[in-house]
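Enquirer: Here's a sequence, model it:
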Amino acid sequence: MLTLVSQNAHPNCDGIGRRDFLKIGGLGLGAFGLPQLLAARELAAKSGKSVKDTSVVWLWLGGGPTHVETFDPKMSAPIEYRSVTGEVTTSVPGVTIGGQFQKMASQAEHFAFVRSFAHTNSGHGGGTHFLMTGYDNRAADNGGQPTRPSLGSITSRLRGANHPETGMPTYVRLDNIGADGPAFLGTGYAPFGTNNQAKTNMTLRTSLERVEDRRALLDGFDRFQRDADRTGLMSGLDAFEQQAFNLVLGNATDAFDLKKENKEVVSKYGKGLGEQLLIARRLCESGCGFVTLNYGGWDMHGNIHQALKGRVPMLDHAVSTFVNDVRERGLSEKILLVITGEFGRTPRINKNAGRDHWAPLSTLALSGGGLKMGQVIGESDSKVTRPLSRPITPQDLMATVFDVLGIDLATQFTNQAGRPVYMVEGGKPISELV
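Expert: Presented below is the predicted three-dimensional model:
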């Protein structure tokens, strides 16, 4: 939350005087001031502590993507179990994926496909809670509130709600997912939404009564900055106050604006999901630690073959473009892409030529993050119903993400009952990746 308190106000500069100093409060950090936050971070840096400069882009396939037609086609299974879209060979010898993913197949050396990812909740709400937080919550299927903080909110809590140099929010939501909030960590660590109002109000709130709305505040800041530059006001502030002020006046919002991107790059990504993944890459470059996207429409109970034609091509193109772009920019060590959904689909095709909810085997693919790519992790059984080897759980995925982000697996926070609780209990980073 940004709090502004006028001191020695003068009537010039449209209500924000040259000699005013705007005391900047914490962005989402309550009464802890942003200048104090910056000073604390410098002190931490001098003491040898640092925040890992890595990011996660969490691509959510809302509705529950089929694990069979995506990354485990199992063409050796009986016809009623195998992929209805066939398979395509990949750039990794001996590895195939679903027949419609030709572009991703050509870059398989930059992916890790997990074929033994499983959990125990086949409900949309419960499965989503399990994946977003690492914990099951049966009440979520009946509208119950999240009981655990999401991965993104945990990242925001540990790194601070905003990047100390760019002002970029640490946790950005490009689309709602569900169970993607802070739970007992508090609203200060909720994801930064990207609707028009949120983008306009990067700095959230003011206590100056003369500023009637947030857009007016930003306009006032622009005028104040010009006046400050002309009169030398900024030279009178200490280093941390200047930095805090510059964060508010900075260009973090440019990352959301594709007009600032090379037109050829924008064209390569394409519309829809491509645009969102391009924005995600730009956000990560500007200091965002966790970005969520929701590419829904995967609840395919009937005619799954036709339904996939409407979802896979854009996914295949956008993801392959993103992975190639990140690699060419030398960011593969710093940005981890996670592709998953709330569960998989029933292995056996149903009477409506579709697949139903199925948590015992689910979809998961990873790319980048400095992890070992070009491999398949785990194996499903002969009818793609359950893991045959190396079961991977949501807790293991959470631990892997923690490892990429530099988060201690022993991290604890106090819950709503006043008890310290671990964020990861029993989960371990996927050993084949690290």
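
Enquirer: which one is M104 nearest to, not counting chain neighbours?
Expert: Nearest non-adjacent residue to M104, counting by CB to CB, 6 or more residues apart in numbering: S320, 5.1 Å away. In this view, the C-beta of every residue, glycine as well, is placed from N, C-alpha and C.

Enquirer: ugh, wrong one, I meant G374
Expert: Ranked by CB to CB, 6+ apart and with sequence neighbours excluded, the top spatial neighbour of G374 is E109, at 4.0 Å.

Enquirer: again with Y135
Expert: Among residues not flanking Y135 along the chain, R148 sits closest, at 4.6 Å (CB to CB, 6+ apart).

Enquirer: so what's the one you found up against?
Expert: Applying CB atoms under 8 Å, 6 or more residues apart in numbering to R148 gives the contacts H129, T133, G134, Y135, N137, A179, A183.

Enquirer: in which helix or strand would I find it?
Expert: Under the criterion DSSP states H and E, no helix or strand holds R148.

Enquirer: Compute the first-to-last residue distance for stretch 288-301.
Expert: This stretch, stretch 288-301, spans 36 Å end to end (CA to CA, to the nearest Å).

Enquirer: Now do the buried residues in it.
Expert: By 16 or more other CB atoms under 10 Å, the buried positions in stretch 288-301 come out as 288-296, 298-301.

Enquirer: So which of the residues you listed sit within helices?
Expert: Judged by DSSP state H, helices contain none of the buried residues of stretch 288-301.

Enquirer: of all the residues you listed, which comes closest to K334?
Expert: The shortest approach to K334 among these belongs to G289, at 10.6 Å (CB to CB).

Enquirer: My guess is that closest one contacts P164. True?
Expert: No - with contact defined as CB atoms under 8 Å, G289 does not reach P164; the gap is 11.7 Å.

Enquirer: Could you list the low-pLDDT ranges of this structure?
Expert: Residue ranges of the chain with pLDDT under 70: 1-51, 194-251.

Enquirer: and the residue nearest to the spatial centre of it, how far is that from P169?
Expert: Centroid check for the chain by CA atoms, centre = their mean gives V291 as the closest residue, at 2.5 Å. For V291, the distance to P169 equals 10 Å [CB to CB, to the nearest Å].

Enquirer: all helices of the chain, in order?
Expert: So, for the chain - with DSSP H - the helices run 34-46, 67-71, 102-105, 124-133, 151-159, 196-200, 214-231, 239-249, 263-269, 273-285, 304-328, 394-405.

Enquirer: now the longest one, how far from the centre of its chain.
Expert: It refers to helix 304-328. 18 Å (CA atoms, centre = their mean, to the nearest Å).

Enquirer: buried set for it?
Expert: 304, 307-308, 311-312, 315-323, 325-327.

Enquirer: helices or strands next to that helix in the packing?
Expert: helix 67-71, helix 102-105, helix 263-269, helix 273-285, strand 335-340, strand 364-368 (3 or more CB pairs under 8 Å, 6 or more residues apart in numbering; DSSP states H and E).

Enquirer: Quick one: residues in contact with the longest one.
Expert: Contacting residues not belonging to helix 273-285 are listed as 55, 57, 59, 168, 172, 174-175, 255-256, 258, 260-261, 265-266, 268-269, 291, 293, 295, 314-315, 317-319, 321-322, 325-326, 329, 331, 334-335 [CB under 8 Å, 6+ apart].

Enquirer: And for the second one?
Expert: Identification of contacts with helix 102-105 by CB under 8 Å, 6+ apart yields V88, T89, T90, S91, T96, I97, F111, D316, H317, V319, S320, V323.

Enquirer: Only C-alpha atoms, please: export that helix in PDB.
Expert: Coordinates of each C-alpha in helix 102-105 appear next as PDB, following Å, rounded to 0.1, in the frame of the first residue of the first chain:
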ATOM      1  CA  GLN A 102       4.500 -30.400 -33.400                       C
ATOM      2  CA  LYS A 103       6.200 -27.100 -32.500                       C
ATOM      3  CA  MET A 104       6.900 -28.100 -28.900                       C
ATOM      4  CA  ALA A 105       8.100 -31.500 -30.200                       C
END
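
Enquirer: so how far is M168 from the nearest residue to the residue nearest to the centre of the chain once chain neighbours are set aside?
Expert: With sequence-adjacent residues excluded and distances taken as CB to CB, 6+ apart, V291 is closest to A280, at 4.4 Å. Look at A280 and M168: by CB to CB, they are 12 Å apart.

Enquirer: before we move on, back to that, turn the contacts of helix 102-105 into a markdown table, columns for distance to S156.
Expert: Conversion of the contacts of helix 102-105 to a markdown table gives the following (distance: CB to CB, whole Å):
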| residue | distance to S156 |
| --- | --- |
| V88 | 38 |
| T89 | 41 |
| T90 | 36 |
| S91 | 36 |
| T96 | 39 |
| I97 | 33 |
| F111 | 27 |
| D316 | 31 |
| H317 | 31 |
| V319 | 25 |
| S320 | 29 |
| V323 | 25 |
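
Enquirer: before we move on, the earlier item: any idea how far the residue nearest to M104 is from A399?
Expert: From S320 over to A399 (counting by CB to CB), the distance is 27 Å.

Enquirer: Skipping its backbone neighbours, what lies nearest G369 in space?
Expert: L336 (2.8 Å).

Enquirer: M423 now?
Expert: The shortest distance from M423 to any non-neighbouring residue, by CB to CB, 6+ apart, is to T411 (4.9 Å).

Enquirer: does the one you found really touch V424, like I thought?
Expert: Yes - assessed by CB under 8 Å, T411 is found in contact with V424 at 7.3 Å.
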